[in-house]
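Colleague: Quick one, what's the 3D model for this:
(2 chains)
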Amino acid sequence: MTGFLDYVPGSSVLHRLDPLTKLVLSLGICVAAFVSDDLIFLLVLIALDILLGVLGGVFQKALRLLSGLLKLSVFLFLLQVLFVRSGTVLFELGILKITLDGLFVGARLVLRLTAATLPLQLLLSVTQLSDLSGVLVQRLFVPYKYAFTLTTAIRFIPVFAAEMSGIIEAQTARGVEFDTKNPVKKIGLILPLCVPLLISSVGKIHESAAAAELRGFTLRTRESQSKRYVFVPADYAFLIFTVLLIAAGILF
Amino acid sequence: MIEFRNVSLQYNSGAAAVHDLNFTVPDGAFVAIIGANGAGKTTAAKLMRGLLKPTSGEVLIDGAATTSLRTSELAKRIGFLFQNPDRQLCKPTVREELAFGLELLGVPDAEVKPRVDAVLEDFRFDPERSPFALSRGERQRLALASLIAVEPKTLILDEPTTGLDYRECMAVLGRVKALHEAGTTVVMVCHDMELVLDFAERVLVFSAGQLLLDGETRKVFRDTETLPKASVLPPQITRLSERLADVLPPADTVEEMEAAIRGRKGEKA
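Modeller: Below you'll find the predicted structure:
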């Protein structure tokens, strides 16, 4: 099973698009999600994310992320509903007050979060990180070391997640009861584990940096790249669609 | 006693990690688990400790299924030494690290200090040093010491000597041997066949998630038909002895080989 940020090989329409088009499309969906306040439009954006997941052959992964976001969404929604106290009162019991504004703000936040998170996962699922850094260097003139830093940071997320799982497993073996139902207690148990995670992470990063230097990292220039990225008609179509999407977000 | 009854474990992808394992590790045994990478050795070790739950069958610790025991209860009975000690160490000083396991198990404060002091003296650690400032071998010894402080009945060691030089390796295994002689059950996953021959009384050979061979260490290493199926090469001394079987009696240690050669020389003279 692949991690939720891992690349999924394929030959779908999305896989064949230029990496820059995919980057612009992802950012475009995020921008549209943040400029629009309309709940229906945000729902349409989530549907679009899922449709793109189907097009890219990563529907299952998108669903997994959606189910993960659901727990966070419920928590955020409840916070908004309980703490936003302005607007028409729908229910009141002692200090507990549920208002129409609270429901609206909560729903907007949750939908916006979902609509803006899915495109990033879709982008990484259908784009190799080397292509992402390549297009940043070649087309957007980003210095290679910055593009490399960005893609390495993304690449390290699953590595650190696996390391954290290993640390939790090792601590479980020592008798730490992580299976507690109390979330505050659970956070209290996990926080001290950031020390070994940080130490191992710094060690890994040092090793990666040394390996990169040994392979001539500092000698690399924009022209060093052998792969060339070319727009095809589908790229133009998706770029126009992105512009229309942002415009729609502003309008609604 | 650890008992595997028809234990299988499947990954979410459907691939089998281990399949239909049946074996028993009696109290006081020193058992080594060997096999190629991906053979299911670490999975079996984690199943023993209850870190993984079997998809079917059951793993019993002193008659109780690992699925029915609490994490802390299992930690009291079984210590698990990981290949990478850095995942086990999480406290700012050696003393706190040694006390951590005891605190987790609810040992009274008055009892923690003398037990930690005893382990400190035994291992000769500086109590105020940061565990992360120790060498790789010292960190591995500290991880082992923190398990010993809890005094578990069984120790499971997952490739405990990886990355250690000979001196550090002997420091770790010498301590394990002493514990075994004092009655601790030891299960060791290991790739170093020389160490297996030197320390283990019994060997479980794994291949493709299945138990291929189970027997006394010397006998297993002389099974030249089955071992290649598990991609296991017996120790050099055993192979040499096998090749000289027509002229020398069987020998599994340097001393035995020396005695055999000298004995043959004596016969000729």
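
Colleague: what about the residue nearest to A:K97 when sequence neighbours are not counted, which SS state?
Modeller: Leaving aside its sequence neighbours, A:K97 sits nearest to A:R85 (CB to CB, 6 or more residues apart in numbering or on different chains; 5.5 Å). Heads up, the C-betas are built off the backbone N, CA and C, glycines and all. Secondary structure, DSSP: H, G, I helix; E, B strand; the rest coil: A:R85 is coil.

Colleague: which regions of the stretch 51-200 of chain B lie under the pLDDT threshold?
Modeller: Within the stretch 51-200 of chain B, no stretch has pLDDT under 70.

Colleague: any idea how far the residue of the stretch 101-250 of chain B found nearest chain A is from A:L191?
Modeller: Across the stretch 101-250 of chain B, the shortest distance to chain A (CB to the nearest CB) belongs to B:L104, at 4.1 Å. Separation of B:L104 from A:L191 (CB to CB, to the nearest Å): 16 Å.

Colleague: Mind checking which of the two has more residues around it?
Modeller: Counted by other CB atoms under 10 Å in any protein chain shown, B:L104 and A:L191 do not tie: B:L104 has more neighbours, with 18 against 9.

Colleague: Which positions in chain A make contact with chain B?
Modeller: Proximity of chain A to chain B, by CB under 8 Å from any CB of the partner chain, involves residues A:1, A:163, A:166-167, A:169-179, A:192-193, A:195-196, A:199-200.

Colleague: Take these and keep only those in helices.
Modeller: Judged by DSSP state H, helices contain the following of these: A:163, A:166-167, A:169-174, A:195-196, A:199-200.

Colleague: Could you provide those in a markdown table, with additional columns for pLDDT and neighbour count?
Modeller: Listed next are these as a markdown table, based on pLDDT from 0 to 100; neighbours: other CB atoms under 10 Å in any protein chain shown:
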| residue | pLDDT | neighbour count |
| --- | --- | --- |
| A:E163 | 91 | 19 |
| A:G166 | 92 | 19 |
| A:I167 | 92 | 24 |
| A:E169 | 92 | 18 |
| A:A170 | 92 | 24 |
| A:Q171 | 91 | 24 |
| A:T172 | 91 | 20 |
| A:A173 | 91 | 26 |
| A:R174 | 89 | 21 |
| A:V195 | 85 | 16 |
| A:P196 | 87 | 25 |
| A:I199 | 87 | 16 |
| A:S200 | 87 | 20 |
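
Colleague: residue of chain A with the smallest distance to chain B?
Modeller: Counting by CB to the nearest CB, chain A gets nearest chain B through A:G175, at 3.1 Å.

Colleague: give the contact list for the closest residue to that residue other than its chain neighbours.
Modeller: Closest residue to A:G175 apart from its sequence neighbours, by CB to CB, 6+ apart: B:A75 at 3.1 Å. The contact partners of B:A75, by CB atoms under 8 Å, 6 or more residues apart in numbering or on different chains, come to A:A173, A:R174, A:G175, B:G101, B:L104, B:L105, B:V150, B:P152.

Colleague: Go through these and name the one nearest B:T24.
Modeller: Among those, B:P152 lies closest to B:T24 (CB to CB), at 18.5 Å.

Colleague: Output the helix or strand that contains B:L144 as CSV, restricted to C-alpha atoms.
Modeller: Using DSSP states H and E, B:L144 falls within helix B:136-150. Output of helix B:136-150 as CSV, limited to C-alpha atoms (Å, rounded to 0.1, in the frame of the first residue of the first chain):
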residue,chain,number,x,y,z
ARG,B,136,26.3,3.4,18.9
GLY,B,137,27.5,0.4,20.9
GLU,B,138,26.9,2.2,24.2
ARG,B,139,23.4,3.2,23.1
GLN,B,140,22.7,-0.5,22.3
ARG,B,141,24.0,-1.5,25.7
LEU,B,142,21.9,1.2,27.4
ALA,B,143,18.8,0.0,25.5
LEU,B,144,19.5,-3.5,26.8
ALA,B,145,20.2,-2.2,30.3
SER,B,146,16.9,-0.4,30.4
LEU,B,147,15.2,-3.7,29.6
ILE,B,148,17.2,-5.5,32.2
ALA,B,149,16.2,-3.0,34.8
VAL,B,150,12.6,-4.2,34.4
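
Colleague: Name every strand pairing with the next helix or strand after that helix and say which way it goes.
Modeller: Using DSSP H and E, the helix or strand that follows helix B:136-150 towards the C-terminus is strand B:154-158. Its sheet considered, strand B:154-158 pairs with strand B:78-81 (parallel), strand B:185-189 (parallel) by DSSP bridges.

Colleague: So which residue is dead centre in the chain?
Modeller: You didn't say which chain, so I picked chain A. What sits nearest the mean C-alpha location of chain A, by CA atoms, centre = their mean, is A:L120, with 4.3 Å.

Colleague: ah, I was thinking of chain B
Modeller: Nearest residue to the geometric centre of chain B (CA atoms, centre = their mean): B:M188, 1.5 Å.
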